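Trainee: Got a predicted model here, sequence first, then my questions.
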Amino acid sequence: MDMLVEFLWPVTIWHWLAVAAILFGIEMMLGTFDLLLIAIAALVAAAWTAFAPGGLGAWEMQLFVFFVTSVVLIVLGRTVFNGLRTGGPGEPTLNKRMERMLGARGTAVGGFSAGRGRVKIGDTEWAAESADGSDIDAGAAIEVDGARSTVVIVRPI
């Protein structure tokens, strides 16, 4: 027990850096954003430990700095920097290949039978269904109205 007390006492910059590294590692696994802010607070406490003058570097003050910085950063993170938590409008169809097909134009490869057939969009052939269940003639221009699994829903133009 005495060895544990000697290891933990007094609290040094290395303790705060270890806490920051552990919290940062857990944050990378969970992606909560809150643990990142608390890890930053641990880094601030480490800086306080390293640069605080005289008696202001005592463990009580280190904990106070850590606590206050954690609370301030979490409040700011949930209010001012709330936009960092959610992805921006960037590319809403990224990695959603079928959703990117909406509005694409192509041609019917063969005639549709019972509302089903194949279309060529760009350089790729796709299984297709007509939007209203009607047949589409071969070579007719089409536009993609929707998608279901790997089948595009098309309508003639």
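Mentor: Looks like it arrived, so ask away. Fair warning: this is a prediction, and the values are worked out from it, not measured in the lab.

Trainee: from here on, contacts and neighbour counts on C-alpha atoms
Mentor: Will do.

Trainee: who's in contact with the helix or strand Asp145 falls within?
Mentor: Taking DSSP states H and E as the criterion, Asp145 maps to strand 141-148. Strand 141-148 is contacted by residues 98-99, 101-108, 131, 152-157 when judged by Cα atoms under 8 Å, 6 or more residues apart in numbering.

Trainee: Of the residues you listed, which belong to strands?
Mentor: Residues of the contacts of strand 141-148 located in strands (DSSP state E): 105-108, 152-156.

Trainee: low-scoring stretches of the protein, by residue?
Mentor: Under the criterion pLDDT under 70, the flagged ranges of the chain are 1-2, 4-8, 85-90, 92-93.

Trainee: hang on, the earlier thing: show me which of the ones in strands among the contacts of strand 141-148 is closest to Ala127.
Mentor: Nearest to Ala127 among these: Val152, at 6.5 Å, using Cα to Cα.

Trainee: one step back: what lines up beside the strand holding Asp145 in the sheet?
Mentor: Applying DSSP bridges, strand 141-148 is found paired with strand 105-108 (antiparallel), strand 151-156 (antiparallel).

Trainee: residues in contact with the last one?
Mentor: Applying Cα under 8 Å, 6+ apart, the contact partners of strand 151-156 are 98, 126-132, 136, 140-147.

Trainee: CA atoms only for the longest helix seen in the chain - export them in CSV, please.
Mentor: When the chain is parsed with DSSP state H, its longest helix is helix 59-78. The C-alpha trace of helix 59-78 is given here as CSV (Å, rounded to 0.1, in the frame of the first residue of the first chain):
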residue,chain,number,x,y,z
TRP,A,59,-2.8,18.8,-5.6
GLU,A,60,-5.9,20.5,-4.3
MET,A,61,-5.4,23.4,-6.8
GLN,A,62,-4.6,20.9,-9.6
LEU,A,63,-7.9,19.1,-9.0
PHE,A,64,-9.7,22.5,-8.9
VAL,A,65,-8.2,23.6,-12.2
PHE,A,66,-9.1,20.2,-13.7
PHE,A,67,-12.7,20.3,-12.4
VAL,A,68,-13.3,23.9,-13.5
THR,A,69,-11.7,23.4,-16.9
SER,A,70,-13.7,20.2,-17.5
VAL,A,71,-17.0,21.9,-16.6
VAL,A,72,-16.3,25.0,-18.8
LEU,A,73,-15.2,22.9,-21.7
ILE,A,74,-18.2,20.6,-21.5
VAL,A,75,-20.6,23.5,-21.3
LEU,A,76,-18.9,25.2,-24.3
GLY,A,77,-18.8,21.9,-26.1
ARG,A,78,-22.6,21.4,-25.7
